[in-house]
Structure formats: structure tokens, C-alpha cells
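J.: okay, predicted coordinates and the sequence, questions at the end:
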Amino acid sequence: MILDGGISLANAIRKMRQERRACVVVVESEKLAGVFTERDTLMKVAATPIHLEGTRLEQVMTRAPVTLPADSSRSQENMVPASALGLYGYVGGLVVQKQ
């Protein structure tokens, strides 16, 4: 799922729940800006005095994620594939840290 960084955190979480997604790719000006994951919700949102409607997704996302070419066979220690995606004609993948 691809979302714009300017949407509210409440709206982003609502969309993630509706689509049953553990993470979303965040774009700004049609370029990869970051990712927002269930882990971000746990570590940056839960048990904090944050206003979900007044906070933009870009304020709590993980910025500048490490990227690999789509044809990369490089395995990352402590990493697992989460899902595949196509972003503006470029095929790639999303990698998340193991818990």
C-alpha cells in the first residue's frame, strides 16, 4: 500500500486495518520518503500523548529506508522480506527487521 506522507496518522492506521497491511510505503512528490510499520505504531505511537487526527504520517514514519535493487540477491542478516511492491514503474521489495 502506498500513502502520501501528508495524510493523518489516524487515516493511515485506518487504511492499514481495512486492507490488513502490516506496513505502508510513504511517498512525497512521487518519491519514496519512508515506511510506516506496525513496529512504528508500537514504538512511536502507543502509550504516547499523540493526537492521531492532528499528526501527519510523515511525522512518525521511518525516513529514508535502505533500498536494494530489485534484482539483488543480497541477504541481510536479521532481515526478512515483508512484501513485494511496484512503485511508479520500478519493481522492488520491502525488507523489515526481525523482532
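T.: Happy to help now that I have it. Just so it is clear, the model here is predicted, and its values are computed rather than measured.
J.: what's the average pLDDT for stretch 38-51?
T.: The average pLDDT for stretch 38-51 rounds to 88.
J.: stretch 7-24 now?
T.: Here stretch 7-24 scores 94 as its mean pLDDT.
J.: count of neighbours near Val24?
T.: Other residues near Val24 number 24, with proximity taken as other Cβ atoms under 10 Å. C-beta: built from backbone N, CA, C; applies to glycine.
J.: other SSEs contacting the strand or helix carrying it?
T.: Val24 is part of strand 23-28 when elements are defined by DSSP states H and E. In this structure, strand 23-28 packs against strand 2-4, helix 9-19, strand 31-37, helix 57-60, strand 79-87, strand 90-97, with contacts taken as 3 or more Cβ pairs under 8 Å, 6 or more residues apart in numbering; DSSP states H and E.
J.: partners of the first one, with directions?
T.: When sheet partners are counted by DSSP bridges, strand 2-4 sits next to strand 23-28 (parallel).
J.: so the partner strand versus helix 9-19, what angle?
T.: Using axes from the mean of the first three to the mean of the last three Cα atoms, to 10 degrees, one finds that strand 23-28 and helix 9-19 are set 140 degrees apart in direction.
J.: strand 23-28 to strand 31-37, inter-axis angle?
T.: Using the same axes, to 10 degrees, strand 23-28 lies at 150 degrees relative to strand 31-37.
J.: tabulate the CA atom coordinates of strand 23-28 in CSV.
T.: These are the backbone C-alpha positions of strand 23-28, laid out as CSV (Å, rounded to 0.1, in the frame of the first residue of the first chain):
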residue,chain,number,x,y,z
CYS,A,23,3.3,-1.7,6.7
VAL,A,24,2.9,1.0,4.1
VAL,A,25,5.3,2.8,1.7
VAL,A,26,5.2,6.6,2.1
VAL,A,27,5.8,8.9,-0.8
GLU,A,28,6.4,12.6,-1.1
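J.: excluding chain neighbours, what is closest to Ala10?
T.: Nearest residue to Ala10 in three dimensions, chain neighbours excluded: Leu52, at 3.8 Å (Cβ to Cβ, 6 or more residues apart in numbering).
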